[in-house]
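Trainee: make a model of this:
(one chain, ligands or ions: 1)
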Amino acid sequence: MPAKVLVTGGAGYIGSHACKALAAAGYVPVTYDNFVTGWREAVKFGPCEEGDLLDRARLDQVIAAHKPVAVMHFGALSQVGEAMRAPGKYWRGNVCASLNLIEATVDAGIRDFVFSSTCATYGDHDGVVLDETTPQQPLNAYGASKRAIEDMLSDFGSASGLRSVIFRYFNVAGADPDGEVGEFHQPETHLIPLILDAVDGKRPALTIHGTDYPTPDGTCIRDYVHVMDLVDAHVLGLNWLRAGTGLANGGTEVFCLGTGNGFSVREVLDHSGVVTNRPVPTEEGPRRGGDAIKLVSGSEKAGRVLGWRPERSTLPQMIADAWRWHQTGHYAS
Ligand code: UDP
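Mentor: Sure thing, here's the model as predicted:
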């Protein structure tokens, strides 16, 4: 019997790609999703269980039925703008929900946990390349909620022997090159899918959020990682935990998943024009609250400890894969 992994948020963008990677690695991904932002059509690689992370009885029932060997926790609210307007939604939907899940995991005797954290936990650091040791000073409730969950995992590691790998994602982009799953948010707030909407006329123009940042071209800089590279890191992290080579007595190990290369909003726009071979209608707008100026990270530790190499994470490849999905794949809306 292949080992099962409980995947919260398995119907979302990154979770659905992770399910594909887990299935390819010989695991059975069991999706647990409340379908508030996920898509039923995205659950293709294992069983699907509908439920909310705040519903402890339902979580216990699903864990008892499937007996997963580990948990991968993607299920979360993840929009910076919304978090600025409605912080309570983020503290409840991310922190309280994750506390429920972590307690259910520990009570079921599951020891291995892989968590999606974010570079939004860092805030601004004068343009330095970030790493696992950089202090976390989040600028918004989304980043703050993720940092709190990291702390929670550390406490449960000390108290209960829970072993967790925490991945701090930089900007995830692209799609499954086979077109089985892809990125589709309602509403969409992320740069590359919004650019592609502007390219094919689904929206009139891409608004550049802020052109007066202290960067070479005045727009924010981000480190973009291909979603397939990102989910490969999760499988490596899971196998590393299960091999028991680290964290024998419980604890957390943090890995940044970035490429070390930063691209400005204008550079992403330029590459998108080249890849799609079409003009990208743009307009300049004010800054978006909560945005850090520059978020770029190396992945030295993930390479050294897990053997991770972000081989598909070039802007042309990420935009090309996103463009293919944009033109051919979709979920119901
Ligand atoms: N951005 C933009 N226009 C948009 C959406 C995003 O200029 O319509 C910028 C945003 O301000 C940030 C970068 O693109 O500097 C990446 O934003 P995204 O929302 O994709 O990811 P985030 O960095 O917030 O996780």
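Trainee: now do Lys89: how many residues are near it, please.
Mentor: 15 (other C-beta atoms under 10 Å). Any C-beta I mention is one placed from the backbone N, CA and C, and that applies to glycine too.
Trainee: distance of it relative to the ligand?
Mentor: 17 Å (C-beta to the nearest ligand atom, to the nearest Å).
Trainee: what does Phe170 give?
Mentor: 8 Å.
Trainee: how confident was the prediction at that residue?
Mentor: For Phe170, the model assigns a pLDDT of 93.
Trainee: if I pick it, what's in contact with it?
Mentor: Shown in contact with Phe170 (C-beta atoms under 8 Å, 6 or more residues apart in numbering): Cys119, Arg222, Asp223, Tyr224, Val225, Cys256, Leu257, Gly258, Thr259, Leu295, Val296, Ser297.
Trainee: kindly recompute the last result at 6 Å.
Mentor: By C-beta atoms under 6 Å, 6 or more residues apart in numbering, the contact set of Phe170 is Cys119, Asp223, Val225, Gly258, Ser297.
Trainee: type out the ChimeraX command that picks the buried ones from the residues you listed.
Mentor: A single ChimeraX command is used to select the members of those judged buried by 16 or more other C-beta atoms under 10 Å:
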select :119,223,225,258,297
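Trainee: identify the farthest-apart pair in the contacts of Phe170.
Mentor: Greatest spacing in these, by C-beta to C-beta: Cys119 and Val225 (10.1 Å).
Trainee: may I see the buried residues of stretch 179-199?
Mentor: 181-184, 190-199.
Trainee: cool, stretch 85-92 as well?
Mentor: Per 16+ other C-beta under 10 Å, stretch 85-92 contains these buried residues: Tyr90, Trp91.
Trainee: how many neighbours does Pro135 have?
Mentor: The local packing of Pro135 (other C-beta under 10 Å) involves 9 other residues.
Trainee: try the one 3 residues further on
Mentor: Residue crowding around Pro138 was assessed by other C-beta under 10 Å; the count is 22.
Trainee: and the residue nearest to it when sequence neighbours are not counted, how many neighbours?
Mentor: Nearest non-adjacent residue to Pro138, counting by C-beta to C-beta, 6 or more residues apart in numbering: Ala144, 4.5 Å away. Neighbour count for Ala144, taken as other C-beta under 10 Å: 21.
Trainee: which residue is it, in this structure, that comes closest to the ligand?
Mentor: Cys220 (3.1 Å; C-beta to the nearest ligand atom).
Trainee: can you show me the strands along the chain?
Mentor: Assigned by DSSP state E, the strands in the chain fall at 4-8, 28-33, 48-50, 70-73, 112-118, 163-169, 171-173, 206-209, 221-222, 224-226, 251-257, 263-264, 282-285, 294-295.
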